[in-house]
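>>> this one's structure only:
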């Protein structure tokens, strides 16, 4: 409930009588809303006490895996220690205006790049407010990774899901991410709750934009297409706020951002869509990155000869197209390569590209798993030079971290070049 407290009852009376409470009233939603502080519980889940009067609290605000916080308090309410289990089937991104701020689908972290390895991060805020915004898509559909963009100066959080079915859009008020938009390929059918989202169009793709700024799905706020979107996995949001979707076989679409209101709510419309056919070099396109400043498109997918081994991966073919908006989609690629992969291996044990990201001079490609027989470690990231597609090496986790992976969501890698030239590369760990 809204109190987010542990209640104390005197059980000597009939009925038992409430005599006190532990924790800030409102918990994580108390001001400053979302900020991580002692005694601000986020859905208290379990409690225990020891013989010395110490209190142990587990609270669990997750909307879809992770977000568990375990805390120990002294009898006087002083915080003794915390343990965090925050991210699962998740992917992070940094704020382009301040890369010391890192976001996941639910959390905000402070990053100190000068701190010792493993101690760079501090958990600062929880961005979901389930009480004020009960129609938040994160409360209704499984969410995964994020992109953070600055559009007309406003910080905007884009949240995707494991299988790239939807793309969620959030604006910020303080540390709270307020629902502002949603792209859906077709009608959303909820087995448990058939009423969400209300007023959605049926039988077609649609875009919802929160035009009145209340964070709810109201009638009249939907922009509907003519039919369901074709099968597609390749969402991308460029630095201008344009949303891209690469269908597997039916071309590539660019949803132009047509403005941002004074609250920070971006707007898109099916009437402002640019559609181009697939480049001839690909049989299917599964991932893309478009770079507006250089008008470069990078595509990942398959050809008739080189295919994905597992159904969710991107395929081993990577290609760069220059002058994309000037007709690059219909011309030969600037370069095209086949990334290393092991044919004939199925399931999660396949070693092949899952996703890629572009930052600065390089393209970083995350792989699904590993191969002991070929001495390939799990969690490998191949690095390709963006200018010519030549391999420059790879990353693997060091032995003290141990085996990590599996890369299990479509968009499982983020790369960022800092102002000092350092590269930050983040990958999902789903072991």
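Okay, I see it. This structure is a prediction, so every number in the text was calculated from the model and none was measured.
>>> Retrieve the pLDDT associated with residue 429.
Residue 429 is assigned a predicted lDDT (pLDDT) of 81.
>>> what's it in contact with, if anything?
Residues near residue 429 by C-beta atoms under 8 Å, 6 or more residues apart in numbering: 379, 404-405. Placement of C-beta: from N, CA and C, glycine included.
>>> out of these, which is most surrounded?
residue 405 (24 neighbours; other C-beta atoms under 10 Å).
>>> Is it part of a helix or strand, or is it coil?
When states are read from DSSP: H, G, I helix; E, B strand; the rest coil, the local structure at residue 405 comes out as coil.
>>> I'd guessed it sits against residue 370; true?
Yes. Between residue 405 and residue 370 there is a contact under C-beta atoms under 8 Å: 6.6 Å.
>>> Need the residues touching each of these two.
With C-beta under 8 Å, 6+ apart, residue 405 and residue 370 have common neighbours 378-379.
>>> Going along the chain, name the strands of the stretch 51-200 of the chain.
55-60, 68-73, 79-85, 93-95, 98-103, 107-111, 121-126, 146-151, 154-160, 166-173, 176-184 (DSSP state E, counting those that start in this stretch).
>>> Now tabulate the ones you listed in JSON lines and tack on mean pLDDT.
Compiled in JSON lines, the strands of the stretch 51-200 of the chain are given as follows (pLDDT from 0 to 100):
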{"stretch": "strand 55-60", "mean pLDDT": "96"}
{"stretch": "strand 68-73", "mean pLDDT": "95"}
{"stretch": "strand 79-85", "mean pLDDT": "95"}
{"stretch": "strand 93-95", "mean pLDDT": "98"}
{"stretch": "strand 98-103", "mean pLDDT": "97"}
{"stretch": "strand 107-111", "mean pLDDT": "97"}
{"stretch": "strand 121-126", "mean pLDDT": "96"}
{"stretch": "strand 146-151", "mean pLDDT": "97"}
{"stretch": "strand 154-160", "mean pLDDT": "97"}
{"stretch": "strand 166-173", "mean pLDDT": "98"}
{"stretch": "strand 176-184", "mean pLDDT": "98"}
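>>> Give me whichever of those strands is most buried.
Greatest average neighbour count among those goes to strand 176-184 (a mean of 24), per mean count of other C-beta atoms under 10 Å.
>>> contacts for it?
Strand 176-184 is contacted by residues 33-34, 127-129, 132-133, 135-137, 156-157, 165-172, 197, 200, 205-210, 215-217, 235, 243, 245, 255, 264-268 when judged by C-beta under 8 Å, 6+ apart.
>>> cool, and stretch 218-232?
Under the contact criterion C-beta under 8 Å, 6+ apart, stretch 218-232 has outside partners 164, 185-187, 198-201, 203-212, 245-250, 268-271.
>>> How about the contacts made by the residue nearest in space to the middle of the chain?
Computing the C-alpha centroid of the chain and ranking residues by C-alpha atoms, centre = their mean puts residue 145 first, at 1.5 Å. Applying C-beta under 8 Å, 6+ apart to residue 145 gives the contacts 90-93, 104-105, 159-160, 409, 411-412, 414, 428.
>>> what do you get if the cut-off is 6 Å, keeping everything else the same?
Applying C-beta atoms under 6 Å, 6 or more residues apart in numbering to residue 145 gives the contacts 91, 160, 409, 411.
>>> Near residue 44, how many other residues are there?
As a burial measure, residue 44 scores 19 neighbours (other C-beta under 10 Å).
>>> can you pull the pLDDT of the residue lying closest to residue 206 once chain neighbours are set aside?
Excluding its sequence neighbours, the residue lying closest to residue 206 (C-beta to C-beta, 6 or more residues apart in numbering) is residue 224, at 4.6 Å. On pLDDT, residue 224 comes in at 96.
>>> and residue 224, how many residues sit next to it?
Residues near residue 224, counting by other C-beta under 10 Å: 16.
>>> State the phi and psi torsions of it.
With angles defined as degrees, to the nearest 10, residue 224 sits at phi -100, psi 140.
>>> if we can go back for a sec, who wins for neighbours among the contacts of residue 145?
Greatest neighbour count in those, by other C-beta under 10 Å, goes to residue 411: 28 neighbours.
>>> Can you tell me how far that one is from residue 349?
Residue 411 is 21 Å from residue 349, where distance means C-beta to C-beta, to the nearest Å.
>>> mind checking how far residue 2 is from residue 74?
For residue 2, the distance to residue 74 - C-beta to C-beta - is 27 Å.
>>> typed the wrong thing, it's residue 155
For residue 155, the distance to residue 74 (C-beta to C-beta) stands at 37 Å.
>>> And the pLDDT at the residue nearest to the centre of the chain?
pLDDT recorded at residue 145 is 93.
>>> Quick check: closest non-adjacent residue to it.
Per C-beta to C-beta, 6+ apart, closest to residue 145 is residue 91, 2.8 Å.
>>> Was I right to think that neighbour contacts residue 426?
No. In this structure, residue 91 is not within contact of residue 426 by C-beta atoms under 6 Å, at 7.1 Å.
>>> Mind listing the shared neighbours of the two?
Counting by C-beta under 6 Å, 6+ apart, nothing touches both residue 91 and residue 426.
>>> Okay, now the unreliable bits of the stretch 301-431 of the chain?
Along the stretch 301-431 of the chain, segments meeting pLDDT under 70 span 431.
>>> Quick one: the strands in it, in order.
In the stretch 301-431 of the chain, the strands defined using DSSP E, counting those that start in this stretch lie at 317-321, 335-338, 353-359, 362-367, 381-385, 391-395, 413-417, 423-427.
>>> Out of those, which gets nearest to residue 278?
For the strands of the stretch 301-431 of the chain, proximity to residue 278 was assessed by C-beta to C-beta; strand 317-321 is nearest, at 11.4 Å.
>>> Compute the inter-axis angle for that closest one and strand 381-385.
Going by axes from the mean of the first three to the mean of the last three C-alpha atoms, to 10 degrees, strand 317-321 is angled at 30 degrees with respect to strand 381-385.
>>> how about the nearest residue to residue 291, chain neighbours excluded?
residue 358 (6.6 Å).
>>> right, and the one you found touches residue 289 too?
Yes. If you go by C-beta under 6 Å, residue 358 and residue 289 touch, sitting 4.7 Å apart.
>>> Name the residues contacting each of these two.
Residues touching both residue 358 and residue 289 (C-beta under 6 Å, 6+ apart): residue 298.
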